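Asker: make a model of this:
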Amino acid sequence: MNDVLLAVGTKKGLFLGRSDDRIDWRWEGPHQAMQAIAAVAIDTRHSPARLLVGGRNEHWGPAVVTSDDLGNSWREEAGGSIEFPSDAGAALEQIWQLQPGPKSRPDEVWAGVEPAALFRSTDGGQTFGLIRALWDHPHRPQWHPGAGGQCLHTVIPHPDYPERTLIAISTGGVYRTFDAGESWAPSNTGIGTPFMPGPPPEFGQCVHKVAADPDDPDQLVLQNHGGVYRSSDWGSSWQPAEDGLPANFGFGLVRAPRPSGRFFVSPLTADMARFPVDGRAAIYRTDDGGDSWKDSSAGLPETGFHTVVLRDALTTDDLDPVGVYFGTRSGEVWASSTGGDRWNQVTAHLPDVLCVRAASVATP
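Answerer: Numbering: from 1, shown residues only. Next comes the predicted model:
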């Protein structure tokens, strides 16, 4: 028998919800209490599923912990699993992304961190090594921190070509490798830079999130700092994709595992007005890879909603129909078991929600 596991990373720890019907939920936590949990992965390539959690202790600093029994016990490497080499001249500030690799590499896990850097694990997330080619890239000195810091927040391994990986940095933009991380090149053609004068540069875009279609991994949708874009060639070029959206600013973006072409975004009014449009909780959905968007907010508050969904606080599960989930900076978590057709609040009064992940897992 399987449950849906809903992992909610907050500013003060990790909360875990379980449900066998996606309506009634059993909650526990906080795990890793008083740590800011900005990155969570549920690695279902293994049985049982492995939880990977990137937290930041205000005294000891950031670290990755893992659990192979859905949070009943935790493992942390002595000295921490992610550490910059001594010659890098940097210290780890935050873990922003934990991303399992393709199924063909069951022990590969990627970590995106602040300051903007990429690490890779080949032992299931127990230890990580720095990807030096990206760290030593000549563009790196010109990646300036955004309001949330200089973070590498998106890692998308190509499921069909394991040597290819796409990453996104705020404020560096999109970069890709075709040779397993030995070299990296910017891939921002067509992405605007409304926050700076002149034509868009080769790199330096403030990309907030990128998501890939599981059935067609070359099809991507990107939420920029002012602008939503799509790509049909794995990021070689980008085109505006805003038809039907009430605003083009935001952070939350996720793809659905099915049907092909379905993505969800959480629009905000504007850069200098980071509130939902007209104080209305709203999730928008595309079923055609970004060609058009429609409101998918039935059941959400219509007025008085002034909180924010952060870049990794919007997620989906792997069931059919797909479940969609989001958490807010005011500590609410909402769920739709009908692919976004209707929403229900599943918990509230948590600390600020920084990230949300969901997956079907075997009941212990």
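Asker: for burial, what's the neighbour tally of the closest residue in space to Asp160 that isn't next to it in sequence?
Answerer: Spatial nearest neighbour of Asp160, excluding adjacent residues (Cβ to Cβ, 6 or more residues apart in numbering): Pro217 at 6.5 Å. (Glycine included, C-beta is placed from N, CA and C.) Pro217 has 19 neighbours, counted by other Cβ atoms under 10 Å.
Asker: if I read this right, Pro217 contacts Asp233, doesn't it?
Answerer: No. Between Pro217 and Asp233 there is no contact under Cβ atoms under 8 Å: 11.1 Å.
Asker: on that earlier part again, now do the residue nearest to Asp160, the pLDDT please.
Answerer: If you check Pro217, the pLDDT there is 95.
Asker: so it sits in a helix?
Answerer: No. With DSSP: H, G, I helix; E, B strand; the rest coil as the criterion, Pro217 is coil rather than part of a helix.
Asker: what sits against it?
Answerer: Ile156, His158, Pro159, Asp160, Trp234 (Cβ atoms under 8 Å, 6 or more residues apart in numbering).
Asker: next: Leu5.
Answerer: Leu5 touches Leu16, Gly17, Arg18, Ile42, Ala49, Leu70, Ala358, Ala359, Ser360, Val361, counting by Cβ under 8 Å, 6+ apart.
Asker: name the element the third one belongs to?
Answerer: When elements are assigned from DSSP states H and E, Arg18 belongs to strand 13-19.
Asker: picking up where we left off before, of the contacts of Pro217, which is the most crowded?
Answerer: Ile156 (23 neighbours).
Asker: that one and Lys209 touch, don't they?
Answerer: No. The pair Ile156 / Lys209 is not scored as a contact, 10.5 Å apart, by Cβ under 8 Å.
Asker: strands of the stretch 201-350 of the chain, start to end?
Answerer: Along the stretch 201-350 of the chain, the stretches classed as strands by DSSP state E, counting those that start in this stretch are 207-212, 220-224, 228-231, 239-240, 249-255, 263-268, 284-286, 294-295, 314-316, 324-327, 333-336, 344-347.
Asker: residues in contact with the fifth one?
Answerer: Taking contacts as Cβ under 8 Å, 6+ apart, the residues outside strand 249-255 that touch it are 208-214, 221-223, 225-226, 228, 262-271, 274, 308-316, 324, 326.
Asker: reformat the contacts of Pro217 as TSV; add pLDDT, distance to Ser337 and secondary structure.
Answerer: Converted to TSV, those look like this (pLDDT from 0 to 100; distance: Cβ to Cβ, whole Å; DSSP: H, G, I helix; E, B strand; the rest coil):
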residue	pLDDT	distance to Ser337	secondary structure
Ile156	98	26	strand
His158	96	30	coil
Pro159	93	26	coil
Asp160	93	30	coil
Trp234	98	31	coil
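Asker: can I get the residues you listed in TSV including distance to Arg258?
Answerer: What follows is the contacts of Pro217, written out as TSV (distance: Cβ to Cβ, whole Å):
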residue	distance to Arg258
Ile156	18
His158	19
Pro159	15
Asp160	17
Trp234	20
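Asker: pLDDT below threshold where in this protein?
Answerer: 79, 364 (pLDDT under 70).
Asker: circling back: okay, the strands of the stretch 201-350 of the chain in TSV with distance to Pro301 and mean neighbour count next?
Answerer: Shown next, in TSV, are the strands of the stretch 201-350 of the chain (distance: least, Cβ to Cβ, whole Å; neighbours: other Cβ atoms under 10 Å):
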stretch	distance to Pro301	mean neighbour count
strand 207-212	23	24
strand 220-224	22	26
strand 228-231	23	25
strand 239-240	29	14
strand 249-255	16	24
strand 263-268	13	25
strand 284-286	16	22
strand 294-295	14	14
strand 314-316	16	25
strand 324-327	13	26
strand 333-336	9	24
strand 344-347	9	16
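Asker: can you name the farthest residue from the center of the chain?
Answerer: If you look at how far each residue of the chain sits from its centre, by Cα atoms, centre = their mean, the farthest one is Gly198, at 29.9 Å.
Asker: and it, its phi and psi?
Answerer: phi 80, psi 180 (degrees, to the nearest 10).
Asker: what distance do you get for it to Asn188?
Answerer: Gly198 sits 14 Å away from Asn188, going by Cβ to Cβ, to the nearest Å.
Asker: ok so, going back, any idea which of the strands of the stretch 201-350 of the chain gets closest to Ala36?
Answerer: Using Cβ to Cβ as the measure, strand 324-327 is the one of the strands of the stretch 201-350 of the chain that comes nearest Ala36, at 13.8 Å.
Asker: adjacent strands (with direction) for that closest one?
Answerer: strand 314-316 (antiparallel), strand 333-336 (antiparallel) (DSSP bridges).
Asker: and the contacts of Pro217, which two are the farthest apart?
Answerer: So, the contacts of Pro217 by Cβ to Cβ: farthest apart are Ile156 and Asp160, at 12.3 Å.
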